[in-house]
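Peer 1: Give the three-dimensional model of this entry:
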Amino acid sequence: MGRAKSVTASPSIISDFKEITKMRLALSVVFSSLAGYLLGVETVDFKTLILLALGGYFMVGASNAYNQIIEKDLDVLMERTKNRPIPAGRMSVTTAFIIASIFTLLGIIILYTINKQTAMFGAISIFLYTCAYTPLKTKTPLAVFVGAIPGAIPFMLGWVAATDDFGIEPGTLFALQFFWQFPHFWAIGWFLFKDYEKAGFYMLPTGKQDKATAVQTIMYTIWTLAVSIIPVFGFTGTLKLSIVAAIVVFLLGIWFLYYAIRLFKDMTEKAARQLMIVSVSYISLVQIVYVIDKFLSS
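Peer 2: Alright, predicted model coming up:
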């Protein structure tokens, strides 16, 4: 049994690289920024699309690598993270730092070739994630609030890449992804509560798996739902939503809210895990509906 475990726990250099840059998370962020780009652009420029995908990937990869360097001593304490490349001793801090630095430079340079504002927002997201969110995680549950800012930038970043303009439209996209992150993160904080506790991370708003946390999760899910349908009312500039799309988005929000209410009722880690899975599906589906609606309506 012990031997089988050691075989499965010997990842390759490629899988370590994926782990240090959190490739799956990075790809989901790239998806958000591409959705934002498609919403903002009049005619799709595939060169810009590829640059945005690459720049976005490098930015997220850099943030994650810096995060794992800073948290290496805490990652050892948690089941979920102890086999990451640095705490497991498969990658040195120097190597990780070189990867993070190269990724930062590549990310900013690539986004700068799109336009200056895109590069600026990309740089802000790395700074906030690394220098504010990461250190705050062991100090206060408000870390989730700070972390929601860089987490909400990608959707907005796509629009700015398309238009070189920051106004009500990217602001709305930012607000949608900003509010969404609270139920998403708190669901993760709930079902990984014991693991986080070992490292001194208190991700839940009250610091506990209690009714007050569940109520706040419901409240932020309602805010997310409300923001998601605002474009149908016609005061978000060129960001528009048809009645049909707004109904679909609203129903997706009700589905999301149902699982937030289930967490309040059941107060279990299983309910929190379900809410997390639904939250990921929800944000991707809403972005897809927004994009499809734009191209069908134009």
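
Peer 1: Going by C-alpha atoms from here, please, whenever you check contacts or count neighbours.
Peer 2: Noted.

Peer 1: For the chain, give the helix that spans the most residues.
Peer 2: Counting by DSSP state H, the longest helix found in the chain is helix 269-297.

Peer 1: Show me the strands in the stretch 151-298 of the chain, by range?
Peer 2: Under the criterion DSSP state E, counting those that start in this stretch, strands are not mapped anywhere in the stretch 151-298 of the chain.

Peer 1: Which residue ranges of it form helices?
Peer 2: Using DSSP state H, counting those that start in this stretch, the helices of the stretch 151-298 of the chain run over residues 168-191, 193-199, 211-229, 243-266, 269-297.

Peer 1: pretty sure Gly267 contacts Ala212?
Peer 2: No Gly there; residue 267 is Met. No: contact criterion C-alpha atoms under 8 Å: Met267 and Ala212 do not qualify, at 11.0 Å.

Peer 1: list the residues that contact both of those two?
Peer 2: Shared contacts of Met267 and Ala212 (C-alpha atoms under 8 Å, 6 or more residues apart in numbering): none.

Peer 1: Quick one: residues contacting the residue nearest the centre of the chain.
Peer 2: In the chain, the C-alpha nearest the mean C-alpha coordinate belongs to Gly151, at 4.5 Å (C-alpha atoms, centre = their mean). Gly151 is in contact with Ser125, Gln177, Phe178, Gln181, counting by C-alpha under 8 Å, 6+ apart.

Peer 1: could you redo the last one with a cut-off of 10 Å?
Peer 2: 29, 60, 125-126, 128-129, 144-145, 174, 177-178, 180-181 (C-alpha atoms under 10 Å, 6 or more residues apart in numbering).

Peer 1: sorry, back to before: so which other helices or strands are in contact with the longest helix of the chain?
Peer 2: With contacts defined as 3 or more C-alpha pairs under 10 Å, 6 or more residues apart in numbering; DSSP states H and E, the packing partners of helix 269-297 are helix 23-40, helix 168-191, helix 211-229, helix 243-266.

Peer 1: Show me what whichever helix or strand Phe58 is part of is packed up against.
Peer 2: Per DSSP states H and E, Phe58 falls inside helix 46-70. Counting contacts by 3+ C-alpha pairs under 10 Å, 6+ apart, helix 46-70 is packed against helix 13-20, helix 23-40, helix 72-75, helix 93-114, helix 116-127, helix 134-136, helix 143-163.

Peer 1: again, only using 7 Å
Peer 2: helix 23-40, helix 93-114, helix 116-127 (3 or more C-alpha pairs under 7 Å, 6 or more residues apart in numbering; DSSP states H and E).

Peer 1: And it, how far out from the chain middle?
Peer 2: What separates the centre of helix 46-70 from the centre of its chain is 12 Å, taken as C-alpha atoms, centre = their mean, to the nearest Å.

Peer 1: residues in contact with it?
Peer 2: 20-22, 26-27, 30, 34, 93, 96-97, 100-101, 103-104, 106-108, 110-111, 114, 122, 126, 129-130, 134 (C-alpha atoms under 7 Å, 6 or more residues apart in numbering).

Peer 1: Look up how far Ala162 lies from Glu42.
Peer 2: As judged by C-alpha to C-alpha, to the nearest Å, Glu42 and Ala162 stand 8 Å apart.

Peer 1: Tell me which of these two has more neighbours.
Peer 2: Taking other C-alpha atoms under 10 Å, Glu42 and Ala162 do not tie; Ala162 has more neighbours (25 against 12).

Peer 1: Tyr37 is in contact with that one, correct?
Peer 2: Yes: counting by C-alpha atoms under 7 Å, Ala162 does reach Tyr37; the two are 5.3 Å apart.

Peer 1: returning to what we had before: and the helix holding Phe58, what's buried?
Peer 2: Going by neighbour count (16 or more other C-alpha atoms under 10 Å), the buried part of helix 46-70 is 48-49, 51-70.

Peer 1: Relative to Pro85, which of the helices of the stretch 151-298 of the chain is closest?
Peer 2: helix 193-199 (17.5 Å; C-alpha to C-alpha).

Peer 1: give the contact list for the closest residue to Met91 other than its chain neighbours.
Peer 2: With C-alpha to C-alpha, 6 or more residues apart in numbering as the criterion, Met91 has its nearest non-adjacent residue at 5.2 Å, and that residue is Pro85. Residues near Pro85 by C-alpha under 7 Å, 6+ apart: Asp16, Ile20, Met91.

Peer 1: now those in CSV, with pLDDT and distance to Ile230?
Peer 2: As requested, the contacts of Pro85 are exported to CSV (pLDDT from 0 to 100; distance: C-alpha to C-alpha, whole Å):
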residue, pLDDT, distance to Ile230
Asp16, 82, 42
Ile20, 80, 37
Met91, 79, 46
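
Peer 1: follow-up on the earlier one: using CSV, lay out the helices and strands packed on helix 46-70 together with mean pLDDT, distance to Glu197 and mean neighbour count.
Peer 2: Shown next, in CSV, are those (pLDDT from 0 to 100; distance: least, C-alpha to C-alpha, whole Å; neighbours: other C-alpha atoms under 10 Å):
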stretch, mean pLDDT, distance to Glu197, mean neighbour count
helix 23-40, 89, 23, 22
helix 93-114, 91, 24, 19
helix 116-127, 90, 26, 20
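
Peer 1: I'm done for today, thanks for sticking with me.
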